[in-house]
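Here's a sequence, model it:
(one chain, ligands or ions: 1)
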Amino acid sequence: MRNPKRFQPSSRKEPAHRLTQCLEEEEPPDLAPGPAQRKKRGPAGSEPSYPPLRVVRPRRDRETRTTHQTFQFRRSFYPGIPDKCWNDWQWQVQNRIRTISQLQRMLQLTAEEIRALEGSETTLPVAVTPYYMSLLSPENSGQALRRTVIPVIDEAIRSAGESEDPLGEEHQSPVPGLVHRYPDRVLLLVLDFCSTYCRYCTRSRVVGRGALFPSRSRLELAFDYIRSHPEIRDVLLSGGDPLTLGDNRLEWILSRLRQIPTVEIIRIGTKIPAVLPQRVTARLTRMLRKYHPLWMSLHFTHPEECTPEAARACAALADSGIPLGSQTVLLRGINDNLEVMKELVHRLLRMRVRPYYLYQCDPILGSAHFRTPVDKGLEIIRGLRGFTSGYAVPTFVVDAPGGGGKVPVMPQTIAGREGMDLLLRNYEDRCFRYPEVVP
Ligand code: SF4
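Reported below is the predicted structural model:
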């Protein structure tokens, strides 16, 4: 018999007191309908790989632009919740879907999913914002977005070469939560909280466990380290998701970094525009623009994440002068397909986000069902380069296990040399000569 109490990792690992005041852990209101109402969401088994964006505007407010799918989801599961709440990021965080009973109301869970949710092998917490839940297919467990956030029992399978910390970050941390791998830049893990947890997360050993609290004392240690290493000119804030911090806490971090004269640029790594676009408020962007040069690495996985809400969030960030890049993890059965990837990069460019990196999935524990051969990534890059805008082609990288850093992996374009001529292979696999100059 199912025991819903067994599946409460988040409540154990993310005590409310360690989050900002707005991240109180509460159960969503019990507004879910019965099975009859649930059928209103759409015909079963009719999920296209990435449906066309059908935009509806239920109210005049520009912020309520949404897809038909999200509109129907709200009507089914949150009928009494006004736009004011739905569009409030704190409401979204407070009402994340985290328990098996909540998931069962909204999704037809498979036996595999139930086993993973009930079992103790799944150590990464489960949490999905109501907004992101609206993008999941209730019937199709193989839908790309659903596979990224709902665990399956494959997570319990340990394969050769996998480890908790494949990138060796723990060995490159001079102070807690600060990774100094490259000569002139550091990664600062400001907290371990995310609004929605990705099952393939590189830092699944850390996120949602209550180990990295954005406390003043810990962060001051990191600032001291950065200050005492003037060669550090670039600080990447990550986690967890830094944009789940309240505005004041985030501004305190940014302002402290800006007081260090040797820090030239600050970057923020976040999945917020994809999973919690409501977080990008006018107040947030007004605050962020005070700390330029500020860059953002967004995390998009699939074209279905490029909704009107995500586009609005990206536009607000871009309008604030923040250059936006996207990092995408190559995932088996989710986006390891040229057409899906092409659709994603095109939608990203339309949202003013430059596809920056395509990552080979890191060998974290229980990741074999997500990982593809490296050749698959090369095949996708070959299918993009030359066939679409250069801005749409990300750099395919393998983050070298053991702390070797990102290693770009590229299709071979130099075919050889003949005399002084360099032989080049173009995107159509045709050979051309470039006459080199004798020095
Ligand atoms: S948002 Fe980033 S840090 Fe959070 S679970 Fe997903 S991949 Fe990990």
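
What distance do you get for the residue of the stretch 251-400 of the chain found nearest the ligand to Gly386?
Nearest residue of the stretch 251-400 of the chain to the ligand: Lys271, at 3.7 Å (C-beta to the nearest ligand atom). For the C-beta atoms, the positions are set from N, CA and C on the backbone; glycine is no exception. According to C-beta to C-beta, to the nearest Å, Lys271 stands 30 Å off from Gly386.

So between those two, which is more surrounded?
Lys271 (24 against 11; other C-beta atoms under 10 Å).

Quick check, the residue of the stretch 251-400 of the chain closest to the ligand in contact with Cys198.
Yes. At 7.3 Å, Lys271 counts as touching Cys198 under the criterion of C-beta atoms under 8 Å.

shared neighbours of those two, anything?
Residues touching both Lys271 and Cys198 (C-beta atoms under 8 Å, 6 or more residues apart in numbering): His299.

near the ligand, which residues of the protein?
Residues of the chain lying close to the ligand (C-beta under 6 Å from any ligand atom) are 194, 197-198, 201, 203, 207, 239-241, 271, 299.

Which ChimeraX command selects the buried ones in those residues?
Typed into ChimeraX, the line below selects the buried ones among the residues of the chain next to the ligand, using 16 or more other C-beta atoms under 10 Å:
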select :194,197,198,201,203,207,239,240,241,271,299
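
Report the residue ranges of every domain in this protein.
Here the domain parsing of the chain from automatic domain parsing is 4-156, 169-408, 410-439.

Now do the shortest one: distance to the chain's middle.
Going by C-alpha atoms, centre = their mean, to the nearest Å, the spacing between the C-alpha centre of domain 410-439 and its chain's C-alpha centre is 38 Å.

related to what we said a few turns ago, out of the domains of the chain, which comes closest to Ser163?
Among the domains of the chain, the nearest to Ser163 by C-beta to C-beta is domain 169-408 (6.8 Å).

Do me a favour and average the pLDDT over the closest one.
Across domain 169-408, pLDDT averages out at 97.

Please enumerate the helices of the stretch 101-250 of the chain.
111-118, 130-133, 144-149, 216-227, 247-258 (DSSP state H, counting those that start in this stretch).

In CSV, list those along with mean neighbour count.
Below are these laid out as CSV (neighbours: other C-beta atoms under 10 Å):
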stretch, mean neighbour count
helix 111-118, 17
helix 130-133, 26
helix 144-149, 23
helix 216-227, 16
helix 247-258, 17
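
I'd say Thr129 and Cys194 touch.
No. Assessed by C-beta under 8 Å, Thr129 is found out of contact with Cys194, at 9.9 Å.

list the residues that contact both of the two?
Val275.

Tell me which residue in the stretch 201-350 of the chain sits closest to the ligand.
For the stretch 201-350 of the chain, C-beta to the nearest ligand atom, closest residue to the ligand: Cys201, 3.1 Å.

Now that residue: closest residue in space that isn't a chain neighbour?
Of all residues not flanking Cys201 in the chain, Val207 sits nearest, at 5.8 Å (C-beta to C-beta, 6 or more residues apart in numbering).

Please apply the same query to Val397.
Nearest to Val397 is Lys406, by C-beta to C-beta, 6+ apart, at 4.3 Å.

Then Arg258?
Per C-beta to C-beta, 6+ apart, closest to Arg258 is Tyr291, 5.7 Å.

what's that neighbour in contact with, if anything?
254-255, 257-258, 266.

what about Glu339, distance to Pro303?
Glu339 is 10 Å from Pro303, by C-beta to C-beta.

Name the residue in these two with the higher neighbour count.
Applying other C-beta under 10 Å to Glu339 and Pro303 shows that Pro303 carries more neighbours, namely 24 against 12.

Correct me if wrong: that one contacts Arg350.
No. Judged on C-beta under 8 Å, Pro303 makes no contact with Arg350 at a distance of 10.7 Å.

for Pro261, phi and psi?
Main-chain dihedrals, Pro261, degrees, to the nearest 10: phi -60, psi -30.

Can you report how many residues neighbour it?
Counted with other C-beta under 10 Å, Pro261 comes out at 8.

for the stretch 251-400 of the chain, what spans make up the helices?
272-275, 282-288, 308-319, 338-350, 374-384.

Comparing those, which comes out most buried?
Of all those, helix 272-275 carries the top mean neighbour count, a mean of 29, counting by mean count of other C-beta atoms under 10 Å.

Which residues does that helix contact?
128-129, 131-132, 194-196, 241, 243-244, 279-280, 298-301, 305, 310, 313-314, 317.

ditto for stretch 381-390
338, 341-342, 345-346, 349, 358, 392-394, 396, 410-411, 426-428.

One more: stretch 176-188?
Here stretch 176-188 has contacts from 169, 172-174, 189-190, 212, 218-219, 221-222, 225-226, 229, 231-238, 403, 405, using C-beta under 8 Å, 6+ apart.

Show the buried residues in these.
Here, 16+ other C-beta under 10 Å leaves 169, 172-173, 189-190, 212, 218-219, 221-222, 225-226, 229, 232, 234-238, 403 buried among the contacts of stretch 176-188.

got the contact list for the residue of the stretch 251-400 of the chain closest to the ligand?
194, 196, 198, 241, 298-299.

So which of those belong to strands?
Using DSSP state E, the members of these that fall in strands are 298-299.

Neighbours of Gln202, how many?
Rather than Gln, residue 202 is Thr. Neighbours of Thr202 (other C-beta under 10 Å): 21.

What number of neighbouring residues does the nearest residue to it once chain neighbours are set aside come out with?
Excluding the flanking residues, the one nearest Thr202 by C-beta to C-beta, 6+ apart is Asp362, at 4.6 Å. Burial measure for Asp362: 22 neighbouring residues, criterion other C-beta under 10 Å.

Sounds good, over and out.
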